[in-house]
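Colleague: Have a look; sequence and predicted model below, questions after that.
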Amino acid sequence: MAVRATAVRVTAVRAWECLDSRGHPTVGCLVTVGSGASAAALVPTGASTGQFEVADLRDGGDRYAGLGVRAAVAMIEGEIADAVVGWPVDEVDEVLTGPSNVTLGVSTAAAKAGAVAAGVPFWRYLADGGPVSLPCPMVNIFSGGRHAEGGGTVQDYLAIPTGATTFAEAIEHVWRVRRRAAELVEAEHGRLWSRLVADEGGLALPGGDDERPLALLASAIADTGLPVGIAIDVAATQVPDPEALLTTLTRWCADYPIVSVEDPLGDNDWTGWADATTRLAPRQVVGDDLFATDAERVATGAKYGAANAVLVKPNQIGTLTGARAALLAARAAGFRTVVSARSGDTEDDTIADLATGWNAGQIKVGSVHRSERLAKYNRLLRLETVDRLPYAGWPG
Ligand code: PGA
Ligand code: ZN
């Protein structure tokens, strides 16, 4: 059954400056539609941003050390509101252009308001009668790089619940791995280090060693005895010598139960990526900065055989329509899809519905700590228990 109501039109757009999980300013947006229904969205912000993603707009100057977003707010309430008021909610993205923090809040809030007006949950509105599933989570356990400055160069060491049959079980499995990892950190570095949390709620280690977090994660998984695999996000665009790290990574793949690797190379090296994908196969090889959630870049990657999975971050492309196009391009190429939050995120749980309603298969929103992360997991736990949606599981 189609649930779209194309007659629903935007009547008002409001925006405000609020704060994200790093305490940095970000944009909140409220869209009201003809029936009187309204919905809000808060925009996330990355730290390891790639050169191909749509930039956001910052005020500069003294307020919030230059990170203010009053100019973005003014654009939304000015020219953007002028452009979208009167438009059908389903077509708003067609007229949205500009910095990502100007477009994404409007795009998301408009779509959510459409769902409210249609009287259906957002995931169902997004699915539009198609299949839905709760995504398999890849959950941050250790952080480095831009998410835990002062640590190593590799950005994320994550746990993937490979044997869970429900989303609730998946979360409980990785929770036990994180708890065991924290115990191992406490034994090695003391209580303080085991309690500090990085930007995405993960643990971090003192010193710059890139292998130590991996070894500790592998030990934590072995100690729990649970069916959990390891994912690594190198975020190579932030790494000074990605080629050397790739050699190390290949060795790690032989020594540790790694099932997924993200951004092992820079974002312009299509042939290097194709080589790495062949070398790392049959593992999942995820392109984040490589694709920048851009359908055209995904199509290029498919041509080269670069990566076999796409990270989908709506604010990299600026609208939900753009993000969905990247997801569909990935699916057309036979690539897997992982809907992802940003390292600077908020209590907005919309991407839980995106991953579910778009049947993405996987989600990456950080650790099982910090409420901006748990907002997404808690939404998915509710959808499984209350709405009885099926769990996708790890694709193997
Ligand atoms: P970011 O990190 O949000 O800081 O870009 C997330 C990632 O690289 O996957
Ligand atoms: Zn990444």
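Modeller: Received it, and whenever you're ready, just let me know what you need. Numbers count the residues shown, from 1 in each chain. Ligands and ions are numbered 1, 2, ... in the order given.
Colleague: Quick check: end-to-end length of stretch 28-40?
Modeller: The straight-line separation of the ends of stretch 28-40 (C-alpha to C-alpha, to the nearest Å) is 7 Å.
Colleague: Show me which residues of the stretch 51-200 of the chain are close to ligand 2?
Modeller: Within the stretch 51-200 of the chain, no position is near ligand 2 by C-beta under 5 Å from the ion. C-beta here means a position set from N, CA and C on the backbone, and glycine is covered the same way.
Colleague: so which residue of the stretch 51-200 of the chain comes closest to ligand 2?
Modeller: residue 155 (6.5 Å; C-beta to the ion).
Colleague: can you pull the contacts of that residue?
Modeller: By C-beta atoms under 8 Å, 6 or more residues apart in numbering, the contact set of residue 155 is 48, 143, 144, 145, 146, 147, 233, 234, 235, 238.
Colleague: now do residue 356
Modeller: Shown in contact with residue 356 (C-beta under 8 Å, 6+ apart): 123, 126, 127, 132, 133, 134, 135, 380, 383, 389.
Colleague: and if you look at residue 147?
Modeller: Residue 147 makes contacts with 47, 48, 155, 156, 198, 199, 200, 202, 343, as judged by C-beta under 8 Å, 6+ apart.
Colleague: again, but for residue 365
Modeller: Residue 365 neighbours (C-beta under 8 Å, 6+ apart): 137, 200, 340, 341, 345, 351, 352, 373, 376, 377.
Colleague: Mind picking the two most distant members of the residues you listed?
Modeller: Maximum pairwise distance in the contacts of residue 365, criterion C-beta to C-beta, is 15.7 Å, between 200 and 352.
Colleague: So what does the residue in the stretch 251-396 of the chain that ligand 2 sits nearest to look like in phi/psi?
Modeller: Scanning the stretch 251-396 of the chain for proximity to ligand 2 using C-beta to the ion identifies residue 288 as nearest, at 3.5 Å. For residue 288, the backbone dihedrals are phi -110, psi -80 (criterion: degrees, to the nearest 10).
Colleague: With the one 5 residues further on instead?
Modeller: Its backbone dihedrals place residue 293 at phi 50, psi 40, with angles given as degrees, to the nearest 10.
Colleague: which of the contacts of residue 147 lies closest to residue 162?
Modeller: Of all the contacts of residue 147, residue 162 sits closest to residue 156, with 17.2 Å by C-beta to C-beta.
Colleague: who does the helix-or-strand element of the chain with minimal mean pLDDT touch, helix- and strand-wise?
Modeller: In the chain, no helix or strand scores lower on mean pLDDT, DSSP states H and E than helix 242-255, which sits at a mean of 92. Other helices and strands packing on helix 242-255, by 3 or more C-beta pairs under 8 Å, 6 or more residues apart in numbering; DSSP states H and E, are helix 211-224, strand 258-262, helix 270-280.
Colleague: Go through it and flag the buried ones.
Modeller: Across helix 242-255, burial judged by 16 or more other C-beta atoms under 10 Å covers 242, 245, 246, 249, 252, 253.
Colleague: Could you check the angle it makes with helix 270-280?
Modeller: Counting by axes from the mean of the first three to the mean of the last three C-alpha atoms, to 10 degrees, helix 242-255 lies at 10 degrees to helix 270-280.
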